[in-house]
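Asker: Structural data only, the sequence is not supplied:
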């Protein structure tokens, strides 16, 4: 950091840029070098850091950001009641919309801005604001009342322990395939090929945003229906390396959904736990008794405590809680 301060004195172009922007460049360079040495120590492919030209520029990080860099609507001479503004020295002035009022709500709750990211995508320039909330006072451990276990699958994307089923994802990529065929027919190095490549990138970006928003809506429904959620802690990377349906597994977005669900649960104060998937289908969620079960058996009948777990079928593509309207237990049992 001290070296960068000296550079700002000698280079007028850097003197016109906020010191926070320069710190972001140094932090990213430091991460690239440290990860390189970590991969070398682990015996993996090093992946040498390389210079990124302007054609491959995608984002700017502003660490140690201050609240004054984000100007709320109607303040600072801004008469608009909709648009927020980004005011960082040396960075073009950008106005953006706070969709859902998330920034305004977080700032009102006492959160402070710690980092700002400008991300250029094929569709738009996005402003990512990282906020840090003050530590909340914990009231101690509480016993969940409406808990649920989530079992991942391929025919059904998820099967809940109360019998609810969430149908598998079948993304419609007809438009992407058409654009891929058009790109393959274009001449190498032509302007037409560049345009068709950008059109394909925009189609992929729209598909990714559509899938993410669907996962957010599904996670919201689960968090609103249950006060404790347990999911299988699967080795998805190892499963994708196998030859058994890797493409279909990737379509279900298990890892991405778990990250969204964990974030939503933390915000809502819902208990979230990852469960070792070993023996979850053969072990009773009430007494812990374990019994052997063939794969074709879809009803768990515990011969020790008498617990019987069966599922309630739902229409494909629908989400419905159990008979009592909520989850029924931590165990992930076959349905």
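Answerer: Good, I have the coordinates. Given the structure is predicted, the values throughout are model-derived calculations rather than measurements.
Asker: Only the buried residues of stretch 275-291, if you could.
Answerer: For stretch 275-291, the buried set under the neighbour-count rule, 16 or more other CB atoms under 10 Å, comprises 275, 280, 283-286. Glycine gets a C-beta too; all of them are placed from N, C-alpha and C.
Asker: Specify which member of the residues you listed is nearest to residue 43.
Answerer: Distance to residue 43, by CB to CB, is smallest for residue 275 among those, at 31.6 Å.
Asker: wouldn't the closest one be in contact with residue 149 here?
Answerer: Yes: at 7.1 Å, residue 275 and residue 149 qualify as touching, with contact defined as CB atoms under 8 Å.
Asker: thinking again about what came up before, possible to save the buried residues of stretch 275-291 as TSV with secondary structure?
Answerer: Output for the buried residues of stretch 275-291, formatted as TSV (DSSP: H, G, I helix; E, B strand; the rest coil):
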residue	secondary structure
275	strand
280	coil
283	strand
284	coil
285	coil
286	coil
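Asker: which among those residues gets closest to residue 67?
Answerer: residue 275 (40.0 Å).
Asker: Give me the pLDDT for that closest one.
Answerer: For residue 275, the model assigns a pLDDT of 87.
Asker: What sits closest to it if chain neighbours are left out?
Answerer: residue 230 (4.9 Å; CB to CB, 6 or more residues apart in numbering).
Asker: tell me the secondary structure for that neighbour?
Answerer: Put simply, residue 230 is strand when judged by three-state DSSP.
Asker: Report the separation between it and residue 165.
Answerer: 17 Å (CB to CB, to the nearest Å).
Asker: go on, residue 286?
Answerer: Residue 286 is 22 Å from residue 165, by CB to CB.
Asker: and if you look at residue 122?
Answerer: Distance, residue 122 to residue 165, by CB to CB: 35 Å.
Asker: on that earlier part again, isn't the residue nearest to residue 275 right next to residue 150, touching?
Answerer: Yes: the pair residue 230 / residue 150 is scored as a contact, 6.8 Å apart, by CB under 8 Å.
Asker: follow-up on the earlier one: so for residue 122 and residue 165, which sits in the more crowded spot?
Answerer: Between residue 122 and residue 165, residue 165 has the larger neighbour count (other CB atoms under 10 Å), namely 24 against 14.
Asker: Any idea what that one is bridged to?
Answerer: Taking DSSP bridges as the rule, residue 165 bridges to residue 159.
Asker: Look at residue 211 and give its secondary structure.
Answerer: Three-state assignment for residue 211 (three-state DSSP): helix.
Asker: can you pull the contacts of it?
Answerer: Residues near residue 211 by CB atoms under 8 Å, 6 or more residues apart in numbering: 169, 171, 253, 256.
Asker: Write the ChimeraX selection for whichever of those residues are buried.
Answerer: Selecting only the buried entries of those in ChimeraX, with 16+ other CB under 10 Å as the criterion:
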select :253
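Asker: mind putting the contacts of residue 211 in CSV, pLDDT, secondary structure and distance to residue 303 included?
Answerer: Shown next, in CSV, are the contacts of residue 211 (pLDDT from 0 to 100; DSSP: H, G, I helix; E, B strand; the rest coil; distance: CB to CB, whole Å):
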residue, pLDDT, secondary structure, distance to residue 303
169, 91, coil, 37
171, 91, coil, 43
253, 93, coil, 38
256, 94, helix, 39
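Asker: could you redo the contacts of residue 211 as JSON lines and give each row distance to residue 222?
Answerer: Formatted as JSON lines, those follow (distance: CB to CB, whole Å):
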{"residue": "169", "distance to residue 222": "16"}
{"residue": "171", "distance to residue 222": "21"}
{"residue": "253", "distance to residue 222": "15"}
{"residue": "256", "distance to residue 222": "15"}
